[in-house]
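Q: structure, please.
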Amino acid sequence: MGEGALAGLRVIESCQNLAGPYCGTVLADMGADVIKVEPPGGDHSRKIGRHFAGEESYAFMTLNRSKRGIVVDLKTEAGKGVFEELAAGADAIVENVRPGAMERMGLGYEDLKKIKPDIIYASISGFGRTGPYAGQGGYDLISQGFSSLMSFTGEPGRDPVKIPVPLCDLNAGMYSAISILSAVFHRHRTGKGQWIDTSLTDAGLGYTVWQASQFFPSGEPPVPKGTKHEISAPYQAFRCADGYIIIGGTSQLNWERMCRAIGRADLLERPEYSTPRDRGNNEDALALELEEALTKGSRDDWLDRLREVKVPCGPIHDMAEAFDHPQIQAREMAVEVDHPVAGPMRVLALPQKMSETPVRVSRPAPLLGQHTDEVLRELGKNEEDIWALRKSGGVG
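A: Coordinates of the predicted model:
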């Protein structure tokens with residue numbers, strides 16, 4: 001198997017929880033040498049979750065694969081010195097501690113720029129570094145609410161619902177990874193590094209493409225619509241006799257094929273459903289008519305009929321069904337690694353497939369401080385130096 005696309009890129013990750021570590025994992029799975037710098041007590045995500053192997057959290061192990069891990073106490077002078085040495089040999093820094101914390105330790109962008117003028121420094125926070133909330137911390141759920149995502153998630157007339165997948169965290173991590181790679185390309189052309197400022201709240205709001213496209217011209221805030229699409233119909237989950245299916249009959253061709261496949265060709269003659277715009281304006285009435293037909297047949301029967309005429313459709317799987325499905329297995333979305341404590345275990349893979357530079361999970365998540373000595377030796381430290389750093393409390 002060939003090297004990853006980012007082989008030779010070194011990233012120092014000083015992050016906790018999800019957004020920053022996810023950024024590091026994306027880069028690591030694509031071949032970057034990501035060194036995760038943890039405080040003496042470790043990343044908070046080492047302590048969360050329902051499932052553990054001894055003291056090792058499966059949540060942490062799933063998220064932090066493909067990285068090396070060291071323990072450095074950045075609040076000590078010795079630890080700060082180690083971090084500065086790491087930065088001097090790195091291409092990029094990623095941090096998602098509370099805004100201002102790195103600066104107070106003398107490890108902010110302006111500080112490290114003096115050591116490495118072309119450093120790329122990515123900061124991830126709840127609200128970003130500008131605006132009246134710039135100094136506040138944040139979490140995914142807070143940003144889901146603040147960014148309006150929760151206001152139109154769920155069923156009409158019900159209590160607010162969060163998106164179970166931590167969308168703001170993950171998007172902030174992904175946007176930061178994309179920005180780091182863009183900054184590397186910019187540095188290649190100009191020789192200049194830069195500071196990247198990504199906010200969880202902006203990362204959530206930045207994904208409201210369809211909702212914002214309707215809000216800006218009308219001033220009307222979007223509302224919960226269940227599984228219905230913001231601007232297209234029919235495109236939602238429908239009840240069948242024994243479960244649910246999702247149908248995407250939004251284009252004119254798919255609409256016509258769908259109506260004939262479910263025995264409702266008469267809908268094609270109805271003026272209120274004649275165009276995509278008409279169907280969108282009458283989506284509630286249309287959904288009732290379609291579901292009346294679909295409840296007369298089984299899920300699998302309808303899926304077979306719709307697939308036969310090439311109408312996009314699918315079932316609603318639980319996670320066990322998803323990972324057991326031959327399609328997901330063929331795409332290798334769960335891969336096995338051999339962890340020193342948990343043993344063989346499955347972790348999520350990144351979804352993209354690259355023909356020349358494979359994306360892969362290169363190693364299991366690190367134990368706390370597993371690679372401290374190894375990385376210090378790469379900095380030129382001998383055994384006496386490492387012993388002194390440990391004694392001082394600067395590393396662990």
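Q: what's L376 in contact with, if anything?
A: Residues near L376 by Cβ atoms under 8 Å, 6 or more residues apart in numbering: I70, V82, D385, I386, L389, V395. (Glycine included, C-beta is placed from N, CA and C.)
Q: burial count for the second one?
A: Residue neighbour count, defined by other Cβ atoms under 10 Å, stands at 24 for V82.
Q: quick one: which helix or strand includes it?
A: helix 77-88 (DSSP states H and E).
Q: and that helix, what does it pack onto?
A: Here helix 77-88 is seen to pack against strand 10-14, strand 33-38, helix 109-115, helix 383-392 when contacts are counted using 3 or more Cβ pairs under 8 Å, 6 or more residues apart in numbering; DSSP states H and E.
Q: what comes into contact with the next helix or strand after that helix?
A: In the C-terminal direction, the helix or strand that comes right after helix 77-88 (DSSP H and E) is strand 92-95. Residues from elsewhere that reach strand 92-95, judged by Cβ under 8 Å, 6+ apart: 9-15, 20, 23-24, 87, 102, 112, 119-124, 176, 180, 183-184.
Q: among the helices and strands packed on helix 77-88, which is nearest I196?
A: Across the helices and strands packed on helix 77-88, I196 has its closest neighbour in helix 109-115 (9.2 Å, Cβ to Cβ).
Q: who does that closest one touch, helix- and strand-wise?
A: helix 77-88, strand 120-125.
Q: off-centre distance for the longest one?
A: Right, the one you point to is helix 77-88. Offset of helix 77-88 from its chain centre (Cα atoms, centre = their mean, to the nearest Å): 29 Å.
Q: which residues touch the lengthiest helix in the chain?
A: Counting residues, the longest helix found in the chain (DSSP state H) is helix 167-190. Applying Cβ under 8 Å, 6+ apart, the contact partners of helix 167-190 are 6, 9, 11, 17-23, 25-27, 91-92, 94, 118, 120, 122, 124, 139-140, 143-144, 147, 149, 192-194, 196, 198-204, 206-207.
Q: please apply the same query to stretch 109-120.
A: 84, 87-88, 90-93, 103, 121, 123, 180, 183-184, 187, 191-196.
Q: at 6 Å what do you get?
A: Applying Cβ atoms under 6 Å, 6 or more residues apart in numbering, the set of residues contacting stretch 109-120 from outside is E84, A87, A88, A92, Y121, I180, A183, R187, G193, W195.
Q: measure the residue nearest to the spatial centre of the chain to E13 for me?
A: When Cα atoms, centre = their mean is applied to the chain, the residue found nearest the centroid is L170 (2.7 Å). In this view, L170 and E13 are 16 Å apart by Cβ to Cβ, to the nearest Å.
Q: just N282 next, same as before
A: 50 Å.
Q: neighbour count winner among the two?
A: Between N282 and E13, counted using other Cβ under 10 Å, E13 has the larger neighbour count: 30 against 15.
Q: if you skip the residues just before and after it, what's nearest to the more buried one?
A: Closest residue in space to E13, ignoring its immediate chain neighbours: G24 at 3.9 Å, by Cβ to Cβ, 6 or more residues apart in numbering.
Q: now the one you found: which helix or strand?
A: For G24, the host element (DSSP H and E) is helix 19-29.
Q: span of stretch 140-151 from start to end?
A: Distance across stretch 140-151, first residue to last, is 15 Å (Cα to Cα, to the nearest Å).
Q: how far off centre is it?
A: Relative to its chain's centre, stretch 140-151 lies at 16 Å (Cα atoms, centre = their mean).
Q: which residues touch S45?
A: Contacts of S45 (Cβ under 6 Å, 6+ apart): N17, A59, F60.
Q: so the second one is in contact with G49, correct?
A: So that's A59. Yes. Between A59 and G49 there is a contact under Cβ atoms under 6 Å: 3.7 Å.
Q: more crowded one of the two?
A: Comparing A59 with G49 by other Cβ under 10 Å, the one with more neighbours is A59, at 18 against 14.
Q: the more buried one: which element?
A: Using DSSP H and E, A59 falls in helix 58-63.
Q: what's the distance between the nearest residue to C23 once chain neighbours are set aside and D140?
A: With sequence-adjacent residues excluded and distances taken as Cβ to Cβ, 6+ apart, C23 is closest to G173, at 3.9 Å. G173 sits 11 Å away from D140, going by Cβ to Cβ.
Q: who's more crowded, those two?
A: Legend: neighbour count by other Cβ under 10 Å for G173 and D140, higher for G173 (30 against 25).
Q: and that one, how far is that from E103?
A: According to Cβ to Cβ, G173 and E103 sit 22 Å apart.
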